[in-house]
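> turn this into a structure:
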Amino acid sequence: MTDPISAGQAAGSRTVLLFASAATFVAFLDVTVVNVAFPDLRASFPDVPVSWLTWVVTSYTVLFAALLCSSGRLADVMGRRKLFSSATAAFTAVSLLCAIAPNVELLAVFRALQGAAASAMIPSALGLVLAESPPEKRAAAVGTWGAAGAIAGLVGPVLGGGLVEAFGWRAVFLINIPIGIVVVYGTLRTVRRDQPVKQALPDPVGTVAITVGVGAFVLGLSEGERWGWGSVATVATVLGGAVVTALALLRSRRHPAPAVELSLWRSHAFAQTNVIAAFFGAAMYAVLLSSPLFLTGIWHYSVFEAALGVTPGAVTSAVAAIAVGRWVSPHGRLLMIVFGSLLVVAVTLWMTFGLGSEPQFLLVWLPCSLLSGLGMGAVLTGLASIAAGSLPPASFAAGSGLLMAARQVGGALGIAAVAAILSVGGNQTLDALLSVFGFCAIVSGVAAVFGILLYLRVRARRPAAAAAEKQQADARPS
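Next up, the predicted model:
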């Protein structure tokens, strides 16, 4: 069944895609540029312990992951345009507060608010893109939208390094403001109001519970190395977060207006893409974290040189995201999930056994970076498009939020694994970092297995679905 869409709506879908991609760009740009600005932050606040400074990064990550589960559903119920424009306005305003923060404590609080705004901005943006795009063009739109995040990863370290060197760390937050103003103004002026789903607002108790649960779980994983993996604080935070999350999901199962729309997981394709997203997210975030550590710690590159060293992968990731969305068939996107995961397996194994203490940029690092970027772009676009194809239109934002939450939680697990491997094997030693790449190969291999299972299931159901359609067609009166 094809949704009717007018030529005017098609033009509107391109406008929505432009603004949604711009908002996604600044949200992911803010992650990478802050990492680059960290040394300048330390210099600006020399009396503040490094453990406190890390909250500038951690607070954003925790709030972003914690609120994704419920913010997508909130967008569907409130109206995606309304939440998107409000969240982007909040993100822009808080960026200004970050830029003028007088101390680290307030900066960490403002970064947490930034993460909360981003968690509402991203799924509502993708929900708008899916709702406004014709069904046959949704995958291409998802690819373009996903490429915005990859491009942010490309320009973030280089742009951030230049801004910090020229103007200091406050400049990395000021760059968001003009983009945010244009997005909010353009959205309110040109994007038509969407019709909210006629349902009650999500259960507030369940929303708070799922936020606290996921947030505590991610916090424990993020701080486990510093607190100690066997410490009371780490164990209590991780286990407590898992228990609260489970209770929130049980409440959502029975509540008439659930915080988390568990009914979406009845679709095998959607549930399977969430599982793949979690495992692949663990591998992807581990690669993204360990790659610059390897370049700076083993090959002694400068921060700027390391940023340039990971740039080729960001380029091919953006290219793959656009290509898979625009030119690969729905059936082919399932194969892209498998192919991309296996490509990351092959690349990380190559890195595990091919890299050494002597720089081998052209012979090993460059091809590995290019190929891993291709794999990541193919998998992420394939997952988003397959998941979107299994969602009812009324739940586009809710489903997008759940898929991204799965990826973020998986990413937190991957980063925690990197920290644990490095703490056991010796911080940034060659053997420890090579072990991290081996871990990435294993986890990406698990994602590939689930991708193969999903492909085989869909392939097995295709003849039955075709027969059912033929039977319905034969039954219609001529």
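
> from now on I want contacts and neighbour counts done on CA atoms only, so please keep to that.
Will do.

> quickly find the element holding Ala65.
helix 55-78 (DSSP states H and E).

> mind saving the C-alpha coords of that helix as PDB?
Listed in PDB are the C-alpha atoms of helix 55-78, where the atom choice follows Å, rounded to 0.1, in the frame of the first residue of the first chain:
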ATOM      1  CA  TRP A  55      31.500  15.000  33.500                       C
ATOM      2  CA  VAL A  56      31.500  17.600  30.800                       C
ATOM      3  CA  VAL A  57      31.500  14.700  28.300                       C
ATOM      4  CA  THR A  58      29.700  12.100  30.500                       C
ATOM      5  CA  SER A  59      26.700  14.200  31.400                       C
ATOM      6  CA  TYR A  60      25.800  14.700  27.800                       C
ATOM      7  CA  THR A  61      26.200  11.000  26.900                       C
ATOM      8  CA  VAL A  62      24.100   9.800  29.900                       C
ATOM      9  CA  LEU A  63      21.200  12.100  29.400                       C
ATOM     10  CA  PHE A  64      21.200  11.600  25.600                       C
ATOM     11  CA  ALA A  65      20.900   7.800  26.000                       C
ATOM     12  CA  ALA A  66      18.600   7.900  29.000                       C
ATOM     13  CA  LEU A  67      15.900   9.900  27.300                       C
ATOM     14  CA  LEU A  68      15.900   8.400  23.800                       C
ATOM     15  CA  CYS A  69      13.500   5.600  24.800                       C
ATOM     16  CA  SER A  70      10.700   7.900  25.800                       C
ATOM     17  CA  SER A  71      11.400  11.100  23.700                       C
ATOM     18  CA  GLY A  72      10.500   9.400  20.400                       C
ATOM     19  CA  ARG A  73       7.000   8.400  21.700                       C
ATOM     20  CA  LEU A  74       6.600  11.900  23.100                       C
ATOM     21  CA  ALA A  75       7.200  13.300  19.600                       C
ATOM     22  CA  ASP A  76       4.600  11.100  18.100                       C
ATOM     23  CA  VAL A  77       2.000  12.100  20.700                       C
ATOM     24  CA  MET A  78       2.900  15.900  21.000                       C
END
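
> what's that helix packed up against?
helix 7-44, helix 80-99, helix 104-132, helix 204-227, helix 396-425 (3 or more C-alpha pairs under 8 Å, 6 or more residues apart in numbering; DSSP states H and E).

> turn these into CSV, including mean pLDDT, mean neighbour count and distance to Ala460.
Compiled in CSV, these are given as follows (pLDDT from 0 to 100; neighbours: other C-alpha atoms under 10 Å; distance: least, C-alpha to C-alpha, whole Å):
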stretch, mean pLDDT, mean neighbour count, distance to Ala460
helix 7-44, 78, 20, 34
helix 80-99, 94, 23, 36
helix 104-132, 90, 26, 27
helix 204-227, 85, 23, 36
helix 396-425, 83, 24, 24
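
> and these as a markdown table, adding distance to Val324?
As requested, those are arranged in a markdown table below (distance: least, C-alpha to C-alpha, whole Å):
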| stretch | distance to Val324 |
| --- | --- |
| helix 7-44 | 17 |
| helix 80-99 | 26 |
| helix 104-132 | 16 |
| helix 204-227 | 31 |
| helix 396-425 | 18 |
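
> so what's the backbone phi/psi at Ile100?
phi -110, psi 10 (degrees, to the nearest 10).

> ok, the nearest residue to it once chain neighbours are set aside - contacts?
Using C-alpha to C-alpha, 6 or more residues apart in numbering and skipping residues adjacent in sequence, the residue nearest Ile100 is Arg170, 7.2 Å away. When contacts are counted by C-alpha atoms under 8 Å, 6 or more residues apart in numbering, Arg170 touches 98-100, 164.

> from the residues you listed, pick the one nearest Ala384.
Comparing these against Ala384 with C-alpha to C-alpha places Cys98 closest, at 31.5 Å.

> can I assume that closest one is in contact with Arg111?
Yes. Look at Cys98 against Arg111 with C-alpha atoms under 8 Å: they come within range, at 6.9 Å.

> list the contacts for the closest residue to Ser423 other than its chain neighbours?
In space, and not counting its chain neighbours, Ser423 is closest to Glu225: 7.4 Å by C-alpha to C-alpha, 6+ apart. Neighbouring residues of Glu225 by C-alpha under 8 Å, 6+ apart: 416, 419-420, 423.

> so Ala53 touches Ser44, yeah?
Not quite, residue 53 is Leu, not Ala. No. With contact taken as C-alpha under 8 Å, Leu53 and Ser44 are classed as non-touching, separated by 10.8 Å.

> excluding sequence neighbours, find me the nearest residue to the one residue sitting closest to the centre of the chain.
In the chain, the C-alpha nearest the mean C-alpha coordinate belongs to Met404, at 5.3 Å (C-alpha atoms, centre = their mean). Excluding its sequence neighbours, the residue lying closest to Met404 (C-alpha to C-alpha, 6+ apart) is Leu68, at 7.0 Å.

> pull up the per-residue confidence for the one you found.
In this model, Leu68 is scored at 84, pLDDT.

> how many neighbours does it have?
Using other C-alpha atoms under 10 Å, Leu68 has 32 other residues around it.

> state the distance from it to Ala412.
The spacing between Leu68 and Ala412, counted by C-alpha to C-alpha, to the nearest Å, is 14 Å.

> now swap in Gly281 and tell me
8 Å.

> show me how the chain divides into domains.
The record assigns the chain these domain ranges, following automatic domain parsing: 1-61+69-197, 203-258, 264-478.

> tell me how far the last one lies from the chain's centre.
What that stands for is domain 264-478. The chain centroid and the centroid of domain 264-478 are separated by 11 Å, computed with C-alpha atoms, centre = their mean, to the nearest Å.

> do the same with the first one
Domain 1-61+69-197 sits 12 Å away from the centroid of its parent chain (C-alpha atoms, centre = their mean).

> packing partners of the helix or strand containing Val158?
In the assignment (DSSP H and E), Val158 maps to helix 138-167. Counting contacts by 3+ C-alpha pairs under 8 Å, 6+ apart, helix 138-167 packs against helix 7-44, helix 104-132, helix 171-174, helix 303-327, helix 366-389.

> wait, which of these is closest to Pro258?
It's helix 104-132; of the helices and strands packed on helix 138-167, that one is closest to Pro258 (C-alpha to C-alpha) at 17.1 Å.

> show me what the closest one is packed against.
Checking 3+ C-alpha pairs under 8 Å, 6+ apart, helix 104-132 ends up next to helix 7-44, helix 55-78, helix 80-99, helix 138-167, helix 396-425.
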